[in-house]
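In: coords please:
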Amino acid sequence: MNDPVINRQTKIEDLPEFLTPHEVRDFLGLGRDSVYKLIESGELPARRFGQRLFVPKAALVEVPVA
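Out: The predicted structure follows:
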């Protein structure tokens, strides 16, 4: 399966409903540590599905990015 590329030019409506931290990093243009710090601080909500961590697309609308 060929997954679409997610980057800073991707429209939010084209994103999947849940994104991995890696996809969030690519979409927001942040580093890996920054994304995990946002998740750990609660500024970016995330949920575990099994062993994997996912961020709901709706949460990205409210993320403060400098």
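
In: quick check: buried residues in the strand ranked longest in the chain?
Out: Across the chain, the longest stretch assigned as strand under DSSP state E is strand 52-56. Burial within strand 52-56, assessed by neighbour count using 16 or more other C-beta atoms under 10 Å, is assigned to L53, F54, V55. The way it works is simple: take the backbone N, C-alpha and C, and place the C-beta from them, glycine included.

In: which of these lies closest to P45?
Out: Top of the list for closeness to P45, among the buried residues of strand 52-56 and by C-beta to C-beta, is V55 at 6.9 Å.

In: just the pLDDT at that closest one, thanks.
Out: On the pLDDT scale, V55 is placed at 97.

In: sorry, back to before: counting by contacts, list what the longest strand of the chain packs against.
Out: strand 18-19, helix 21-28, strand 47-49 (3 or more C-beta pairs under 8 Å, 6 or more residues apart in numbering; DSSP states H and E).

In: tell me how far the spatially most central residue of the chain lies from I12.
Out: Per C-alpha atoms, centre = their mean, the C-alpha nearest to the average position across the chain is that of V24, at 2.5 Å. According to C-beta to C-beta, to the nearest Å, V24 stands 12 Å off from I12.

In: got any residues that touch both of the two?
Out: Taking C-beta atoms under 8 Å, 6 or more residues apart in numbering as the contact criterion, the common neighbours of V24 and I12 are L60.

In: quick one on the thing from earlier: the helices and strands packed on strand 52-56: which one's closest to V61?
Out: Going through the helices and strands packed on strand 52-56 one by one, with C-beta to C-beta as the measure, helix 21-28 comes closest at 11.5 Å.

In: looking at the closest one now, give me its mean pLDDT.
Out: Averaged over helix 21-28, pLDDT sits at 96.

In: by how many degrees do it and strand 52-56 diverge?
Out: Compare the direction of helix 21-28 with that of strand 52-56 by axes from the mean of the first three to the mean of the last three C-alpha atoms, to 10 degrees and you get 30 degrees.

In: quick one: buried residues of helix 21-28?
Out: Residues of helix 21-28 classed as buried: P21, E23, V24, R25, D26, F27, L28 (neighbour count, 16+ other C-beta under 10 Å).
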